[in-house]
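> Next come a sequence and a model predicted from it.
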There are 2 protein chains.
Amino acid sequence: MGIVVQKYGGSSVADATSIKRVAQRIVATKKAGHDVVVVVSAMGDTTDDLIDLANEVSPLPPGRELDMLLTAGERISMALLAMAIGNLGQEARSFTGSQAGVITDAEHGRAKIIDVTPGRLQAALDDEAIAIVAGFQGVSQTTKDITTLGRGGSDTTAVALATALGADVCEIYSDVDGIFTADPRIVPNARQIPRLSYEETLEMAANGAKILHLRCVEYARRYDMPIHVRSSFSDKPGTWVVAADDVLKDTTMEQAIISGVAHDRSEAKITVVGVPDKVGEAAAILRALGDAQINIDMIVQNVSAAATALTDISFTLPRADGQTAMTALARLKDQVGFERLQYDDSVGKVSIVGAGMRSSPGITATFFEALASAGVNIEMISTSEIRISVVVAENQVDAAVNAAHEAFELGSDEVEAVVYGGTGR
Amino acid sequence: MGIVVQKYGGSSVADATSIKRVAQRIVATKKAGHDVVVVVSAMGDTTDDLIDLANEVSPLPPGRELDMLLTAGERISMALLAMAIGNLGQEARSFTGSQAGVITDAEHGRAKIIDVTPGRLQAALDDEAIAIVAGFQGVSQTTKDITTLGRGGSDTTAVALATALGADVCEIYSDVDGIFTADPRIVPNARQIPRLSYEETLEMAANGAKILHLRCVEYARRYDMPIHVRSSFSDKPGTWVVAADDVLKDTTMEQAIISGVAHDRSEAKITVVGVPDKVGEAAAILRALGDAQINIDMIVQNVSAAATALTDISFTLPRADGQTAMTALARLKDQVGFERLQYDDSVGKVSIVGAGMRSSPGITATFFEALASAGVNIEMISTSEIRISVVVAENQVDAAVNAAHEAFELGSDEVEAVVYGGTGR
C-alpha cells in the first residue's frame, strides 16, 4: 500500500493524554498496511508561551533567533509523539524540518519552501519505521539557518512532504469533522461537505473559513495532492479536497451550485471621503497602503458626483492593520486633498462559494434577495468566478449567513449536534 | 585580543531577568575586545520538566527521541540569550550543537565528543558577532542523529569548543565564586583557591566537590585549556584551573601542601562478610558488580583470620546503585559461599587533596591525628599520589572536614559571609 501523510495540529497533541491518543491512531494506520509520515505542530499554547518569553527579553527579537526559539516547540511534540508510538510497539523516528529535507529561502518567520529532499524520511519508511516530522519549519538553502514558514506552515509542510514522497493522500487532522457548508455555530443544520475542489476551498479559506490555510491548498492544487480534512477525535470520513474533475467521482450527486457560505469578522472598512476625481489619486492611496505592507481585500470607488468632482474610495483590510493604515493615509491628506477618513471595524464579510455558479445564472439575484428578505443591508460587493462576497454590518453577519444557507438549500434535514471543539457527532 | 569561551549553567539563565543580566556580562566581555563564544544550558528546571513529560507518554523512552526532546531546552535558552544580546546592540547568533560542529559517537544520553568542527562559529566571530552555542548536545557522526553528552555535558562542550577554537580561556560560570578549600556551608572560614592544577581539581571533583565535572577537567587537562571557574553574580576573579606548572605563576605564595578538603555523602558501603579466603573469590564478587554496570569506588579486604580462613570485603558505591548491587551479590551467595551482606548508607567520604603531599612526609599522620582529636572513627582508607580519603560515619563528616581543614591551616582569617546561591560577597 502507499504512503499516507498525516498532520496533527496543536490541539490534537496538547498534553500527554492527547499525544497517546494520536499515537494509537497513527499505529492503526500503520497496521492497516500504510507507510506513515506524520507532521506535528507544537503542543497547545507552546508557541504563544515562547513568544511571550521572547518579548520578555527583547521588544523586537531578530527573526533568525525567533525561528530558532519557536522551532523548539515542534521538537518537543514530535519527540514525545515518537516515544508514545514506540511505547505501542512500533518504531518511530522524529525529524526536524532540516533533517526531513524541508529546504526554504532565508525569509525568517515567513520562509517559502523551495525544495524538499526527504531522503531520511524515505530511509525510515524503508526500515518500516514511522517518520514524525516537525511542522512549520525548514532550513535556509543559502544561510543554513533554521527558518519557520509562518501561518499555516504545518499544513504546508504536510502537503509538501506528501508531494515529494508521492503519497496517496495528505490527511489534515483537527478537532473539527471537516469543511462545512457554513459555520455550524451559526447555522445549526450546516452539513459537512464530502468533496470540495481546490478552487472552492481556496475561496472558502480566503474568505473566513478557518479549516485549511490558503497556502497549503495552493500547494496541493499545484501538485494535485488530495487533502483529507478530518477530526482526530472520530473515525468518520471528513472532507476531501481534490481537483475539480474529481469532485464528482464516487458520488451520484449532481454538483451543488453553491458549496458553502463563509464569513469573516476580522476585517475593517476604511472610507476615504471626498477624493478629487483626478487621474492618479486612487493610485496614490493604494501606493501608500502598499508601502505600509498592508494587504487590502475589497475595494470600491463610488461614481463621482458630477457637481463636485469628488468621489469616495472604500476598502477593507485586516483589523490588525487598521491603525497603521489610518496613519499612512492621514499623512497623504494634503497631497491628495481628500476631505476626511472614516474607520469602521463593525463590519463582516459573507461569501457564497461554488464552482457551479459559473454555469448558473441568477445566483447573485437569489443571494441578494435572500439578504434583503432577512433585512440585511449590503455595504460593499466583490465577486470572483466562483464566489460572491458582501460586506455587511457585523451584527447582521449571522442573519446573512443563515439567509444565504437557506436560499441555496445547503442544510441537511437534521440539525448537527456537536461539531466544533468536541468529540465529533 | 583572543577568544574567550564562557559557559553559563541553568541557574544563570533561569528566567528572563537572569538572561538579561548574563547578556550584559557577555556584551561587556565583547566590548573589552574579546571574541566571545558562549555555551548555555537549559533554563532552570526545563530539562527535568521535559523528562517528566517523556515519562508521561512512555515508561522507557528511546534514547534517540529522549535526546531530541531534551535538546529543545538549550534551543530555547540560547535563542533567548541571543535576543537579549541583540537588544543591547551587539549581534549574536545561536547555534545548535550540530551547527556548532560538536560531532559525537551515537551513544544517546551519554555521547562522547569525537570531533569539533566549529567553522560556523569562527565565521560568526569573523563577522564580529557573538556566538551562542547549545551545551550538552551534538550530532552523531554515523547516524546524523541528535545526541546528548550526559552529565557535565555543557561544561565539556565549552572546553571542547575552547580547545578547537584556540581560545585563551574557558570561563565556567555558576552561582559560586570558585573552588573553595572546603564547602563553606560546613567550614565557615573556607577560602577560595586562586589556582588549582588539573590533577588536584580532578581529585576534588571525583571526591565530592560539585563545581566542575570530572569529564570537562579531563578534557581541559588533555589539551591544556585553562578553566576559570567564576560566579555570574560578581566580577571577582574566581579559581583558575591550570597545568601543575602554571599553578605557581603570578603568585609569590609557596605551594600549599594541601589544597582543599572534599566530602561526599552520596555513597554507601557494602560489606561481604565471611568470604572464604581463596584465590578468585574477590574477583567473582567484582565481576558480578561489573556485570551489573556498577562503578565501585573504594575497596578494602581485611586480613584473613587464620583460624577460620574467612575474610571480609568492603567497598563503597553510589547509593543509587545500592539495591542493584545487593541483588547481584545475593545471587552469588551459594557460589562464593560468603556468610552475609551488610549494607550501610550512613557513611560519608572525606578527602584531602594536594599536589604538595608528594614531597611532604607525615601528611597522613597529621590527617589521622586531627580526625582522632575530633573523635572521628575511620572506617576505610584509600589514597592516591595527591589524595587521602577516609570513609567515616555520615554524622561525623562535618567534624572530619573541619578537623582536616584546621589541621592543614587552610582557612582564611575572616569568615566568608555569603558564598553559595547568593549574590556573591
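That came through, no problem. This structure is a prediction, so every number in the text was calculated from the model and none was measured.
> residues contacting A:Asp297?
A:Glu267, A:Phe315, A:Thr316, A:Leu317, A:Lys349, A:Ser382 (CB atoms under 8 Å, 6 or more residues apart in numbering or on different chains). Heads up, the C-betas are built off the backbone N, CA and C, glycines and all.
> Run me through the strand neighbours of the helix or strand that contains the fifth one, direction for each.
Translated: A:Lys349. Using DSSP states H and E, A:Lys349 sits in strand A:347-353. Partners of strand A:347-353 in the sheet, by DSSP bridges, are strand A:260-264 (antiparallel), strand A:387-393 (antiparallel).
> could you point out which element follows it?
Counting by DSSP H and E, what follows strand A:347-353 is helix A:363-373.
> What are the boundaries of the strands in the stretch 1-150 of chain A?
All strands of the stretch 1-150 of chain A, identified by DSSP state E, counting those that start in this stretch, fall at A:3-8, A:35-40, A:92-95, A:102-104, A:113-116, A:130-134, A:137-140, A:146-148.
> Residues touching the second one, excluding its own?
What it means is strand A:35-40. A:1-8, A:13, A:26, A:29-30, A:74, A:77-78, A:81, A:121, A:125, A:130-135, A:154, A:157-158, A:161-162, A:165, A:167.
> Please repeat the previous calculation with a cut-off of 7 Å.
A:3-8, A:13, A:26, A:29-30, A:74, A:77-78, A:81, A:121, A:125, A:130-135, A:154, A:157-158, A:161, A:165 (CB atoms under 7 Å, 6 or more residues apart in numbering or on different chains).
> chain center to it, what's the gap?
Offset of strand A:35-40 from its chain centre (CA atoms, centre = their mean, to the nearest Å): 21 Å.
> Neighbours of A:Ile211, how many?
Using other CB atoms under 10 Å in any protein chain shown, A:Ile211 has 20 neighbouring residues.
> how would you label it: helix, strand or coil?
coil (DSSP: H, G, I helix; E, B strand; the rest coil).
> For it, give its distance to chain B.
Counting by CB to the nearest CB, to the nearest Å, the gap from A:Ile211 to chain B is 28 Å.
> likewise A:Arg287?
33 Å.
> Just the local confidence number for that residue, please.
At A:Arg287, the model reports a pLDDT of 89.
> Could you do the one 10 residues further on as well?
Looking at A:Asp297, its pLDDT is 89.
> Quick check: it is in a helix.
No. Residue state for A:Asp297 (three-state DSSP) corresponds to coil; a helix is not indicated.
> what sits against the residue of the stretch 201-350 of chain A found nearest chain B?
Nearest residue of the stretch 201-350 of chain A to chain B (CB to the nearest CB) works out as A:Ser232 at 16.1 Å. Going by CB under 7 Å, 6+ apart, A:Ser232 touches A:Tyr8, A:Ser12, A:Val22, A:Arg25, A:Tyr173, A:Ser174, A:Asp175.
> Quick check: of those residues, which has the highest neighbour count?
A:Tyr8 (27 neighbours).
> Wait, that residue touches A:Ile172, no?
No. Using CB atoms under 7 Å, A:Tyr8 makes no contact with A:Ile172, being 8.8 Å away.
> separation between A:Ala23 and chain B?
Applying CB to the nearest CB, the value for A:Ala23 to chain B is 8 Å.
> That residue: what's its closest spatial neighbour, skipping adjacent residues?
Leaving aside its sequence neighbours, A:Ala23 sits nearest to A:Ala84 (CB to CB, 6 or more residues apart in numbering or on different chains; 3.8 Å).
> tell me the contacts of the closest residue to A:Glu91 other than its chain neighbours?
Spatial nearest neighbour of A:Glu91, excluding adjacent residues (CB to CB, 6+ apart): A:Ala129 at 4.3 Å. For A:Ala129, the contact set (CB under 7 Å, 6+ apart) comprises A:Glu91, A:Ala92, A:Arg93.
> pLDDT at A:Ala129, what is it?
So, for A:Ala129, pLDDT stands at 98.
> and what of A:Glu414?
On pLDDT, A:Glu414 comes in at 59.
> Output the longest helix belonging to chain A.
Counting by DSSP state H, the longest helix found in chain A is helix A:63-86.
> Please state the offset of that one from the chain centre?
Worked out by CA atoms, centre = their mean, helix A:63-86 lies 22 Å from the chain centre.
> What ranges in the stretch 201-350 of chain A fall below the confidence cut-off?
A:249-255, A:304-307 (pLDDT under 70).
> Strands of that one, start to end?
Using DSSP E, counting those that start in this stretch, strands in the stretch 201-350 of chain A cover A:227-231, A:239-242, A:260-264, A:267-276, A:299-301, A:310-318, A:340-344, A:347-353.
> Name every strand pairing with the second one and say which way it goes.
Each strand that strand A:239-242 pairs with, and the sense of that pairing, follows from DSSP bridges: strand A:195-197 (parallel), strand A:227-231 (antiparallel).
> which residues sit against it?
With CB under 7 Å, 6+ apart, strand A:239-242 has contacts from A:178-179, A:192-198, A:201, A:217, A:220, A:226-229.
> What subset of those residues is buried?
A:178-179, A:192-193, A:195-198, A:201, A:217, A:220, A:226-229 (16 or more other CB atoms under 10 Å in any protein chain shown).
> Which two among these are spaced furthest apart?
A:Gln192 and A:Ala220 (19.2 Å; CB to CB).
> picking up where we left off before, from the contacts of A:Ser232, which is closest to A:Gly356?
Looking across the contacts of A:Ser232 and measuring by CB to CB, the closest to A:Gly356 is A:Ser174, at 26.9 Å.
> State the distance from that closest one to A:Ser231.
According to CB to CB, to the nearest Å, A:Ser174 and A:Ser231 sit 7 Å apart.
> Tell me how chain A divides into domains.
A:3-174, A:249-425 (automatic domain parsing).
> Pipe those into a markdown table and attach distance to B:Ser389 per row.
Converted to a markdown table, the domains of chain A look like this (distance: least, CB to CB, whole Å):
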| stretch | distance to B:Ser389 |
| --- | --- |
| domain A:3-174 | 41 |
| domain A:249-425 | 63 |
